[in-house]
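Novice: Quick one, structure for this:
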Amino acid sequence: MAIKADTFIVLITYNSSDFIEKCIKSICDSDFKNWFLAILDNNSSDDTVKKIQQLKKERKSCILDDSNSRLIKLSKNIGFAAGVNYLVFDFLAKNATAEMPGIKYLILINPDLVLEKSSLANLVKALEKQNKAELIAGKTGAVGGIIYDYDKKQIQNAGGVLKDNFITFHLKNPPVQSEGKQPYAVDYTSGALMGMKMAHFKSLGGFDSGYRPLYFEELDLCLKLKKVSLLPKIAPDVFARHFEGASVKKFSSNFYKHYHKNRIRCAIINIGFTGFFTKFIPSEIKWLKEEATCDQKSAIFWAYFLNFLFFLYNLAVRIKNKKILSNFKISLKKLDI
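Specialist: All right, here's what the predicted structure looks like:
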């Protein structure tokens, strides 16, 4: 099978039955058509797979077939990061041919997200050659959009912000200076809706699958991009509606368990030793005293213990990342950014 599109859209599903149909139909109904959709199901126990297969038969409502999509079903849950990597480095590599023009862009979309009609086209436009005003603000590494709640009553995410102890939160409104025109820089873009150049993703080795099953893999990738002066940005003309926390209920014990484990890991891997002691630790102590709620403290201390056990492994990842970034800087001179 030769993939003729220049944009590779990835959907990672896990028990996404309540949302998957609307998500896929919003992709099909988009103004932008030059895409190939790869769906990887992480061993869902509901009827997610059945609904996806049914969509491929409903030719009238959603033109989806083997020429523009593929569903891959796994027998175990390998997590979000490993799932994306599998589709890019295994599935895509096996289906590439010498005749295909090549995949230029990678777009990640959560299965509980519904795109506005023009969003894909505007996201790809933001990844293409940038105008002078955008370059003055800094070269683009990854692009996200404005994500509303499902009823579109309020903004859930207008860009990610990172505190010194790697606690994350979302902007609830675009910065005033963005004026709804040019993409604006943020600390990171959400993996719920993220686009970037495929060549950049591959050069960075994809996501770090150590952030399993999910959370912080997109932040880790954005931090790598920023280290080579490629900024994560939000395109204010890219819109989506999102039912947040479909895979893991937000603020549940499981959410805190995964969130804090990966938060500490991301800090160890990405912060310099001086910054860890002068910024991270003071900020963490202050947060524990003033903001941390009782229902997440057991998860926090479990995260400390687990990352202590894997401290040497995480240091090895730091060393590996330095080599990757060094090679990436060299490759950037050859890539059209």
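Novice: Which single helix of this protein contains the most residues?
Specialist: Criterion DSSP state H: the longest helix present in the chain is helix 311-332.
Novice: now that one: mean pLDDT?
Specialist: Helix 311-332 carries an average pLDDT of 93.
Novice: What's the local residue count around the closest residue to Lys139 other than its chain neighbours?
Specialist: Distances taken as Cβ to Cβ, 6 or more residues apart in numbering place Leu230 nearest to Lys139, at 5.5 Å, with adjacent residues excluded. All C-beta atoms are positioned from the backbone trio N, CA, C, and that covers glycine. When counting by other Cβ atoms under 10 Å, one arrives at 22 neighbours for Leu230.
Novice: Please report how far Leu230 lies from Asn270.
Specialist: Counting by Cβ to Cβ, to the nearest Å, the gap from Leu230 to Asn270 is 15 Å.
Novice: tell me the contacts of Lys57?
Specialist: Contact analysis of Lys57 by Cβ atoms under 8 Å, 6 or more residues apart in numbering lists nothing.
Novice: how close does the nearest residue to Leu315 once chain neighbours are set aside sit to Ile39?
Specialist: Counting by Cβ to Cβ, 6+ apart, Ile268 is the residue found nearest to Leu315 once chain neighbours are left out, at 7.6 Å. With the distance defined as Cβ to Cβ, Ile268 ends up 33 Å from Ile39.
Novice: Quick check: which ranges of the protein have low pLDDT?
Specialist: For the chain, the stretches flagged by pLDDT under 70 are 1-2, 59-62, 96-101, 130-137, 177-180, 244-251, 335-337.
Novice: now with 50?
Specialist: Applying pLDDT under 50 to the chain flags residues 98-100, 245-247, 337.
Novice: Do a quick rundown of the helices in it.
Specialist: Assigned by DSSP H, the helices in the chain fall at 20-28, 48-55, 80-86, 92-94, 119-127, 132-137, 198-203, 217-227, 253-270, 273-275, 281-290, 294-309, 311-332.
Novice: For those, could you give me a markdown table that also reports distance to Lys181?
Specialist: Formatted as a markdown table, the helices of the chain follow (distance: least, Cβ to Cβ, whole Å):
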| stretch | distance to Lys181 |
| --- | --- |
| helix 20-28 | 24 |
| helix 48-55 | 35 |
| helix 80-86 | 30 |
| helix 92-94 | 34 |
| helix 119-127 | 11 |
| helix 132-137 | 9 |
| helix 198-203 | 24 |
| helix 217-227 | 22 |
| helix 253-270 | 31 |
| helix 273-275 | 34 |
| helix 281-290 | 34 |
| helix 294-309 | 39 |
| helix 311-332 | 27 |
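Novice: Dump those helices to CSV, plus mean neighbour count.
Specialist: Output for the helices of the chain, formatted as CSV (neighbours: other Cβ atoms under 10 Å):
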stretch, mean neighbour count
helix 20-28, 21
helix 48-55, 17
helix 80-86, 24
helix 92-94, 13
helix 119-127, 22
helix 132-137, 12
helix 198-203, 21
helix 217-227, 23
helix 253-270, 21
helix 273-275, 10
helix 281-290, 13
helix 294-309, 14
helix 311-332, 13
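Novice: How about the contacts made by Asp208?
Specialist: So Asp208 contacts Ala81, Glu217, Asp220, Leu221, Ile269, Val317 (Cβ under 8 Å, 6+ apart).
Novice: repeat that for 6 Å
Specialist: Residues near Asp208 by Cβ atoms under 6 Å, 6 or more residues apart in numbering: Asp220.
Novice: repeat for Ile52
Specialist: The contact partners of Ile52, by Cβ under 6 Å, 6+ apart, come to Leu71.
Novice: repeat that with 10 Å
Specialist: Ile52 makes contact with 11, 13, 16-17, 20-21, 24, 39, 41, 44, 64, 69, 71, 73, 111, according to Cβ atoms under 10 Å, 6 or more residues apart in numbering.
Novice: State the distance from it to Lys73.
Specialist: In this view, Ile52 and Lys73 are 9 Å apart by Cβ to Cβ.
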